[in-house]
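A.B. asks: Give me a 3D structure for the following:
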Amino acid sequence: MVNITFWGVRGSTPCPCDANVRYGGNTSCVSLEAPGLDPIVFDLGTGLRFYGDVIDPTEPFRGLALVTHLHWDHIQGLPFFVPLHRPGASMEVCGRCDEGPLHQAFEDFMKPPYFPVTPADLAGELVFTDVEEGELAWGRARILVRDVPHTGTTCGYRVEVDGVAVAYVSDHQQPVDGGPISPAVLELCAGADLVIHDAQYEPAEFALKSDWGHCTVEFAVRVAAEAGAKRLALFHHDPSHGDDVVDRLCREAEGFAAGTSVVEVVAAAEGLTVSLSASAVSGVAAVGA
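C.D. replies: You can find the predicted model right below:
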C-alpha cells in the first residue's frame, strides 16, 4: 500500500484562521510512504513541521525531498522539521535554481539576519542535489522530473512505486489563451492513479492574475482528464478561500470531471491520507495532523 498524506495544502502564504479550520492553513507539503521505502516528501512548506511531529523520534530519519521551486511557500518549513535536529538523520533535497547551485540558495535563505539557523547548524545531514529533466531512483521508486510552466524554473514530479503512479504538479501556469497543455505536464500525469494539481483560482480571480503562474479548478480537471488520470486532488488552495469556497470548488470540479477518466475528485486537506494499491484504490481516510 502506498500512502500519500497532505500536511500543507495552501499556496502563497500560511493562512490559519477560523474560516480554514477544515482544510488547513499551512503551505505545500505532501508525504509519500510505502513499506520498506524511505519516505518521499513533495515540497518543504510550513506543513513539513506537522509531518515531523508524527515521525518516530527513536529512529534516525532518512528521506528524499522533491522541491518544485524555491518560492517561500515551498521551502520555509525546512528549519522547523524537528527530525533533522537529531543526530544521524539525513535528507536529500532535490530541485533546481536558475541563480546558482541549490545548496547556495538554501544557505542564502537560512542565515542571519533572515533566520538564526543555517543548514550546517542542523544536527542531521542535508544533501542538496541539482536536477534537470530526467529520471531519478530512490530505493525501488522511479521518479520522473519534468519542467512545468510557472513564474520561473519549476519542476513537476511523477513517482512510480509498487505499481502506483502519483503526479505532483503544485504550481502550473494555465495558458491564458486556452491553448494546449504542456506535453511535459501530460507526461507526468499520464494514466496516474493520483494527480495532485494546482487549483488556486476561480475564473474571475484568474482573469485578474492570469500571469501569476497558477490555474483554475476547471483547468486542473482538464489536465487530469486529458492525461487519462484516475483521481485528482485539488491543491495549492488560495489563502483567501475559506472552507466553504473550497467545498464549492470541489463540487464544481466533480461536475467538470463527469464522463472523463477521472473517477474521483478530492480537495486536499491537512491530515488527509489517500491510500493506493496496484490492484485497487482504497477509500480516503482522515488522519490527525
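
A.B. asks: Please enumerate the helices of the protein.
C.D. replies: Assigned by DSSP state H, the chain shows helices spanning 48-53, 102-109, 183-189, 203-208, 217-226, 243-257.

A.B. asks: Point out the most buried one among these.
C.D. replies: Comparing these by mean neighbour count (mean count of other CB atoms under 10 Å), helix 217-226 comes out on top with a mean of 24. C-beta coordinates here come from the backbone N, C-alpha and C atoms, glycine included.

A.B. asks: Could you export that helix as PDB, CA atoms only?
C.D. replies: The C-alpha coordinates for helix 217-226 follow below in PDB (Å, rounded to 0.1, in the frame of the first residue of the first chain):
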ATOM      1  CA  VAL A 217     -10.100  24.300 -10.900                       C
ATOM      2  CA  GLU A 218     -11.600  23.600 -14.300                       C
ATOM      3  CA  PHE A 219      -8.100  23.600 -15.900                       C
ATOM      4  CA  ALA A 220      -6.800  21.200 -13.200                       C
ATOM      5  CA  VAL A 221      -9.600  18.800 -14.200                       C
ATOM      6  CA  ARG A 222      -8.700  19.300 -17.900                       C
ATOM      7  CA  VAL A 223      -5.100  18.300 -17.200                       C
ATOM      8  CA  ALA A 224      -6.100  15.200 -15.300                       C
ATOM      9  CA  ALA A 225      -8.700  14.200 -17.900                       C
ATOM     10  CA  GLU A 226      -6.500  14.700 -21.000                       C
END
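
A.B. asks: ok, and what's touching it?
C.D. replies: 169, 172, 174, 181, 185-186, 189, 192, 195, 197-199, 201-203, 231-232, 234, 249-250, 252-253, 256-257, 260-262, 265 (CB atoms under 8 Å, 6 or more residues apart in numbering).

A.B. asks: Can you give me the pLDDT of Ser282?
C.D. replies: Listed pLDDT for Ser282 reads 46.

A.B. asks: Check the one 3 residues further on too.
C.D. replies: According to the predicted model, the pLDDT of Ala285 comes to 43.

A.B. asks: What residues does His74 make contact with?
C.D. replies: Neighbours of His74 in contact, by CB under 8 Å, 6+ apart: 27-28, 43-45, 67-68, 170-171.

A.B. asks: Now compare those residues and name the two farthest from each other.
C.D. replies: Spatial extent of those (CB to CB) is set by the pair Leu44 and Asp171 at 14.0 Å.

A.B. asks: Thought Arg248 was touching Ala267, still the case?
C.D. replies: No. With contact defined as CB atoms under 8 Å, Ala267 and Arg248 do not form a contacting pair (9.8 Å).

A.B. asks: For the protein, give me the ranges with low pLDDT.
C.D. replies: Within the chain, the stretches with pLDDT under 70 are 279-289.

A.B. asks: Please name the bridge partners of the spatially most central residue of it.
C.D. replies: By CA atoms, centre = their mean, the mean C-alpha position of the chain lies nearest to Phe42, the distance being 4.6 Å. Under DSSP bridges, the beta-bridge partners of Phe42 are Val30, Leu66.

A.B. asks: Give the full set of residues in contact with Phe115.
C.D. replies: So Phe115 contacts 79, 109 (CB under 8 Å, 6+ apart).

A.B. asks: Specify the beta-bridge partners of Ala34.
C.D. replies: Beta-bridge partners, per DSSP bridges, of Ala34: Leu37.

A.B. asks: pretty sure it is touching Trp138, no?
C.D. replies: No. At 10.7 Å, Ala34 does not count as touching Trp138 under the criterion of CB under 8 Å.
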